[in-house]
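K.L.:
fold the following for me, if possible:
(one chain, ligands or ions: 1)
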Amino acid sequence: MSYTYVLKLVYFLVALNAITGCIGDNKQFANQPQSSVEQLNNISTAIKKVKKLAPNYVTEVSYPFVITGDLALKQMKFWRRKIQRSQRALKKQFFRSDPSQVIIIWLFKSEASYTENNQRLWGFIPDTPYGYFDPSNKRMVMNIASGGGTLTHELVHPYITQNFPESPLWFHEGLASLYERSRYSGGYIYGMNNWRLASLTALTKAKASPNLSTMMSSGDGFYGKDRETSYAKARYLMFYLQSRRLLKRYYRTYRDSVANDPSGIKALLEVTNESNISSLESKWVKFVSRQHL
Ligand SMILES: [Zn+2]
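P.N.:
Coordinates of the predicted model:
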């Protein structure tokens, strides 16, 4: 066992003490509460996996993430601090529990290295040049030269899965994409306007119905042919709630009533104090039309 490896384990034991909340309040989630020893073993297994695949890569830990890639140690520590800041803010705002699965985050220094290493390590070239999360293989892979936006987006997904396992895709992608461009204040994270606004311009100019209720009821169809517009609608619905300081309340209300309100429309009307979806939609359209990058 190398000195660096021992240091990692010591670091992880310290980090474990900082874990707040408890794991296991989920209704239908396969993940079971784990003891500190199990968590430590899982981290240790993930680090060994990295060392086997890429012996020269440095590793950093921010539980439940093992962070690695072809960056220099200083850069890796920089991104570990960014990841920790996002985790702290997400937990302060929304989530009681960390994901109970250890996830390896691979950070590559350029698009060329990202493409090359995906091919070398996992035998394929991803269809996105920015990064992706592969939950079944407990792996996030980023072209970190494109910035930290995709990384923050992907970090949100395992937190939702752990804490709101019944969440439909629209809520997953709406909240995750809200933080693609973000700022931090007082330990909280806030989404800012981003490129997804462009997808809504034609819609708001025409003052056409945004059909938010259709998007919210789309289930797995969220990833269908109007995918880009659906992402933009979901993101900007989150952004609207954030601007009205209702996002945290909406998350909790929706999570707690999802059995009777799978789409989240009833919870949306309740927290916004609207009697029907069309009055909310017309306010939302006006709000979106005032936004700019
Ligand atoms: Zn996503």
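K.L.:
quick check, I67 in a strand?
P.N.:
Yes. Under DSSP: H, G, I helix; E, B strand; the rest coil, I67 falls within a strand.
K.L.:
so what's it bridging to?
P.N.:
For I67, the beta-bridge partners are E60, I105 (DSSP bridges).
K.L.:
tell me the residues of the chain that contact the ion?
P.N.:
By the rule C-beta under 5 Å from the ion, the part of the chain lying against the ion is 173, 176. Glycine gets a C-beta too; all of them are placed from N, C-alpha and C.
K.L.:
the nearest residue to Q87 once chain neighbours are set aside: neighbour count?
P.N.:
Of all residues not flanking Q87 in the chain, S62 sits nearest, at 6.5 Å (C-beta to C-beta, 6 or more residues apart in numbering). The tally of other residues near S62 (other C-beta atoms under 10 Å) stands at 23.
K.L.:
just the pLDDT at S62, thanks.
P.N.:
As predicted, S62 sits at a pLDDT of 96.
K.L.:
measure it to R88 for me?
P.N.:
10 Å (C-beta to C-beta, to the nearest Å).
K.L.:
quick one: secondary structure of the residue in the stretch 1-150 of the chain that the ion sits nearest to?
P.N.:
Using C-beta to the ion, F133 is the residue of the stretch 1-150 of the chain that sits closest to the ion, at 7.0 Å. Applying three-state DSSP to F133 yields a three-state assignment of strand.
K.L.:
ignoring the adjacent residues along the chain, who's closest to it?
P.N.:
Nearest residue to F133 in three dimensions, chain neighbours excluded: E154, at 4.1 Å (C-beta to C-beta, 6+ apart).
K.L.:
does the one you found touch Y132 like I think?
P.N.:
Yes. Counting by C-beta atoms under 8 Å, E154 touches Y132, with 7.2 Å between them.
K.L.:
shared neighbours of the two, anything?
P.N.:
Residues touching both E154 and Y132 by C-beta atoms under 8 Å, 6 or more residues apart in numbering: M140.
K.L.:
now do the end-to-end distance for stretch 176-187.
P.N.:
Start to finish, the residues bounding stretch 176-187 are 18 Å apart (C-alpha to C-alpha, to the nearest Å).
K.L.:
chain center to it, what's the gap?
P.N.:
Relative to its parent chain, stretch 176-187 has a centroid offset of 11 Å by C-alpha atoms, centre = their mean, to the nearest Å.
K.L.:
average model confidence for the helix or strand in which A267 is found?
P.N.:
Using DSSP states H and E, the element containing A267 is helix 265-272. Taken as a whole, helix 265-272 carries a mean pLDDT of 98.
K.L.:
C-alpha coordinates for the very next helix or strand once past that helix, PDB please?
P.N.:
Under the assignment DSSP H and E, the closest C-terminal helix or strand after helix 265-272 is helix 277-289. Extracted in PDB, the C-alpha atoms of helix 277-289 (Å, rounded to 0.1, in the frame of the first residue of the first chain):
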ATOM      1  CA  ILE A 277     -51.900  25.700 -15.500                       C
ATOM      2  CA  SER A 278     -52.700  28.200 -18.300                       C
ATOM      3  CA  SER A 279     -52.500  31.200 -16.000                       C
ATOM      4  CA  LEU A 280     -49.100  30.000 -14.800                       C
ATOM      5  CA  GLU A 281     -48.000  29.400 -18.300                       C
ATOM      6  CA  SER A 282     -48.800  32.900 -19.400                       C
ATOM      7  CA  LYS A 283     -46.800  34.400 -16.500                       C
ATOM      8  CA  TRP A 284     -44.000  32.000 -17.300                       C
ATOM      9  CA  VAL A 285     -44.000  33.100 -21.000                       C
ATOM     10  CA  LYS A 286     -43.800  36.800 -19.900                       C
ATOM     11  CA  PHE A 287     -41.000  36.000 -17.500                       C
ATOM     12  CA  VAL A 288     -39.000  34.100 -20.100                       C
ATOM     13  CA  SER A 289     -39.500  36.900 -22.700                       C
END
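K.L.:
quick one: helix 277-289 to chain centroid distance?
P.N.:
With C-alpha atoms, centre = their mean, you get 26 Å for helix 277-289.
K.L.:
who are the packing partners of it?
P.N.:
Under the contact criterion of 3 or more C-beta pairs under 8 Å, 6 or more residues apart in numbering; DSSP states H and E, helix 277-289 touches helix 198-205, helix 212-216, helix 227-243, helix 265-272.
K.L.:
so for P168, which of these sits nearest?
P.N.:
When the helices and strands packed on helix 277-289 are compared by C-beta to C-beta, helix 212-216 sits nearest P168, at 7.8 Å.
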